[in-house]
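Student: Give me coordinates for this.
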Amino acid sequence: MPTAVTHQAIPTTVTEANLAEVNRLLEQCEPQEILRWARAAFGNGLYQETAFGPSGNVITDMAGAEGLNIPVIFVDTLHHFRETLDLAARSQQRYGYTLHVYRPEGCSTEAEFAAKHGPELWKRDEVSYDYLVKVEPIRRAYRDLGVTAVITGRRRSQKGDRASIPILEIEPGTGLRKLNPLALWSFSRIWAYLRANEIPYNPLLDQGYKSIGDYHSTLPTPPDGDERSGRWSGSAKSECGLHKDYFAMRAAFLARKKAVA
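Tutor: Numbering: from 1, shown residues only. Purely as a prediction, here's the structure:
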């Protein structure tokens, strides 16, 4: 859609009271204009959070083309596909942004994680696995880096819990701002942008994957399935924990920990 407003016309102080109006204005902007607004609104507290999926790669390219110098946070769960780790290195080399890599606390390899928490924890205790490899590392990153706003690649066309996400959210309880500049884009539009701009992308996309997470819980997307239907096949799960209620996730993890103590 044509940009109807410029980022200068959107309030840079966002509260619960004006959030709906800010979102109304942001929906009239192209993603590049949204990113320019976010840089002005959140300054050095703004980071991109990505696992180098298609949407994240588009955002990284847009931010680079605009000269916005937005640092990137990557949570290495220690269970990523090798292709994902290779892409992370290629992306950082191409765009030159500051890359902050966070891993499960006290672990630097999958073997160390298994030795500390037991083999295949995702099968035995999915709640604890998600908390340990994703939720705890990203929250540690937020604290260490002074993050006040994060850019994500979530889109409504991904369905599930994302089907109605706004462009900007305020996380209850923490006040963290979550920006979804591609919320209105379809996968086909993402793919067209990737190809047109020759952006590095995960080669698994060429093998039928549309959404790529940990190797043990990611399959090629069924031809008739939603974009994320290759994730956690056979379960009702649609989010890994990064974008679920943090306090609920932490409470559930602590309850599990207490039960086995």
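
Student: got the contact list for the lowest-mean-pLDDT helix or strand in the chain?
Tutor: One helix or strand of the chain scores below all others by mean pLDDT, DSSP states H and E: helix 246-260, with a mean of 76. With CB atoms under 8 Å, 6 or more residues apart in numbering as the test, helix 246-260 has contacts from 125, 127-128, 130-132, 135, 139, 171, 173-174, 241. C-beta: built from backbone N, CA, C; applies to glycine.

Student: Kindly recompute the last result at 6 Å.
Tutor: The contact list for helix 246-260 (CB atoms under 6 Å, 6 or more residues apart in numbering) reads 127-128, 131, 135, 173, 241.

Student: neighbours around the closest residue to E136 other than its chain neighbours, how many?
Tutor: Distances taken as CB to CB, 6 or more residues apart in numbering place E105 nearest to E136, at 6.1 Å, with adjacent residues excluded. Counted with other CB atoms under 10 Å, the neighbours of E105 add up to 11.

Student: Show the model's pLDDT score for E105.
Tutor: With respect to pLDDT, E105 scores 97.

Student: for the stretch 101-250 of the chain, what spans make up the strands?
Tutor: Along the stretch 101-250 of the chain, counting by DSSP state E, counting those that start in this stretch, strands occupy 149-151, 168-170, 177-179.

Student: Relative to T50, which of those strands is closest?
Tutor: strand 149-151 (8.1 Å; CB to CB).

Student: what lines up beside that closest one in the sheet?
Tutor: strand 46-49 (parallel), strand 177-179 (parallel) (DSSP bridges).

Student: most tightly surrounded among those strands?
Tutor: Mean neighbour count (mean count of other CB atoms under 10 Å) peaks for strand 46-49 among the strands paired with strand 149-151, with a mean of 23.

Student: tell me what the helix or strand following that one is packed against?
Tutor: Going down the chain from strand 46-49, the next helix or strand is helix 54-65, by DSSP states H and E. Applying 3 or more CB pairs under 6 Å, 6 or more residues apart in numbering; DSSP states H and E, one finds that helix 54-65 makes contact with helix 31-42, helix 187-196.

Student: Which positions within helix 54-65 qualify as buried?
Tutor: Within helix 54-65, the residues that count as buried by 16 or more other CB atoms under 10 Å are 54-64.

Student: Stretch 63-83 too?
Tutor: 63-64, 68, 70, 72-81, 83.

Student: ok, back up a step: now distance to F113 and mean pLDDT too, for the strands of the stretch 101-250 of the chain, in a markdown table please.
Tutor: Putting the strands of the stretch 101-250 of the chain into a markdown table (distance: least, CB to CB, whole Å; pLDDT from 0 to 100) gives the following:
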| stretch | distance to F113 | mean pLDDT |
| --- | --- | --- |
| strand 149-151 | 24 | 98 |
| strand 168-170 | 30 | 97 |
| strand 177-179 | 27 | 97 |
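
Student: now those strands in CSV, with distance to L194?
Tutor: Formatted as CSV, the strands of the stretch 101-250 of the chain follow (distance: least, CB to CB, whole Å):
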stretch, distance to L194
strand 149-151, 17
strand 168-170, 24
strand 177-179, 20
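
Student: Indicate which one of these is closest to Y201.
Tutor: Nearest of the strands of the stretch 101-250 of the chain (CB to CB): strand 149-151, 18.0 Å.

Student: I figured I73 hits Y47, correct?
Tutor: Yes: if you go by CB atoms under 6 Å, I73 and Y47 touch, sitting 5.3 Å apart.

Student: picking up where we left off before, inside strands: which ones of the buried residues of stretch 63-83?
Tutor: Of those, the ones assigned to strands by DSSP state E are 72-75.

Student: would you turn these into a markdown table with distance to T98 and pLDDT?
Tutor: As requested, these are exported to a markdown table (distance: CB to CB, whole Å; pLDDT from 0 to 100):
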| residue | distance to T98 | pLDDT |
| --- | --- | --- |
| V72 | 7 | 98 |
| I73 | 10 | 98 |
| F74 | 11 | 98 |
| V75 | 16 | 97 |
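
Student: now the residues you listed in TSV, with distance to R39?
Tutor: Below are these laid out as TSV (distance: CB to CB, whole Å):
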residue	distance to R39
V72	14
I73	16
F74	20
V75	23
